[in-house]
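A.B. asks: Can you look at this prediction? I've put the sequence above it.
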Amino acid sequence: MEYEKLVKLAAEKRGKAYAPYSRFRVGAALITNTGNIYTGINIENVSYGASNCAERTAIFQAVSNGEDRIKIIAISSDSEDFIFPCGICRQVLVEFGCKNTEIVCSKKNGEFVVYTLDQLMPHAFDKF
């Protein structure tokens with residue numbers, strides 16, 4: 001199943017996260033509408049505003065390769081609880097996803113729940 005594959009890939013990637021300040025490692029893996037897979041990690045900076053979340057790292061990598069639509073994105077962290085995208089990442093997902101884009105929120109142990117972007121970001125500010 002795509003969800004399990006993406007959660008596993010996101011979990012593998014989170015080990016490469018650069019998180020010396022928060023020590024909160026996050027990995028993300030996504031599938032675009034063309035079927036291509038991209039990954040990302042959180043990358044921190046001593047100036048917190050210059051940090052980048054795993055979700056945006058993966059999305060920006062996809063867009064840099066000519067993609068413009070996210071089908072599914074999975075997020076994995078070291079947390080025992082489900083991890084959700086932050087507000088900025090949700091807004092970026094609105095730009096490159098659609099109401100039915102699936103967000104796979106997982107726990108450290110691989111358990112996951114799936115939401116649509118519309119569920120996590122109702123009444124989003126968008127370009128339409």
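C.D. replies: Yep, that arrived. Numbers count the residues shown, from 1 in each chain.
A.B. asks: so A19 touches R25, yeah?
C.D. replies: Yes - distance between A19 and R25: 5.1 Å, which falls inside the contact criterion (C-beta atoms under 8 Å). (C-beta placed from N, C-alpha, C; glycine too.)
A.B. asks: any idea which helix is longest in the protein?
C.D. replies: helix 2-14 (DSSP state H).
A.B. asks: Now do the helix or strand following that one: which elements does it pack against?
C.D. replies: Going down the chain from helix 2-14, the next helix or strand is strand 26-32, by DSSP states H and E. The helices and strands touching strand 26-32, judged by 3 or more C-beta pairs under 8 Å, 6 or more residues apart in numbering; DSSP states H and E, are helix 2-14, strand 37-41, helix 54-64, strand 70-77.
A.B. asks: Pick the most buried one from these.
C.D. replies: Per residue and on average, the most neighbours among the helices and strands packed on strand 26-32 fall to strand 70-77, with a mean of 26 (mean count of other C-beta atoms under 10 Å).
A.B. asks: Of A19 and R25, which one has the most company?
C.D. replies: Higher neighbour count among A19 and R25: R25, with 21 against 18, using other C-beta atoms under 10 Å.
A.B. asks: how far away is the more buried one from R56?
C.D. replies: R25 sits 15 Å away from R56, going by C-beta to C-beta, to the nearest Å.
A.B. asks: can you check V63 too?
C.D. replies: Counting by C-beta to C-beta, the gap from V63 to R56 is 10 Å.
A.B. asks: before we move on, back to that, could you redo the helices and strands packed on strand 26-32 as JSON lines and give each row distance to D118?
C.D. replies: Formatted as JSON lines, the helices and strands packed on strand 26-32 follow (distance: least, C-beta to C-beta, whole Å):
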{"stretch": "helix 2-14", "distance to D118": "18"}
{"stretch": "strand 37-41", "distance to D118": "22"}
{"stretch": "helix 54-64", "distance to D118": "17"}
{"stretch": "strand 70-77", "distance to D118": "13"}
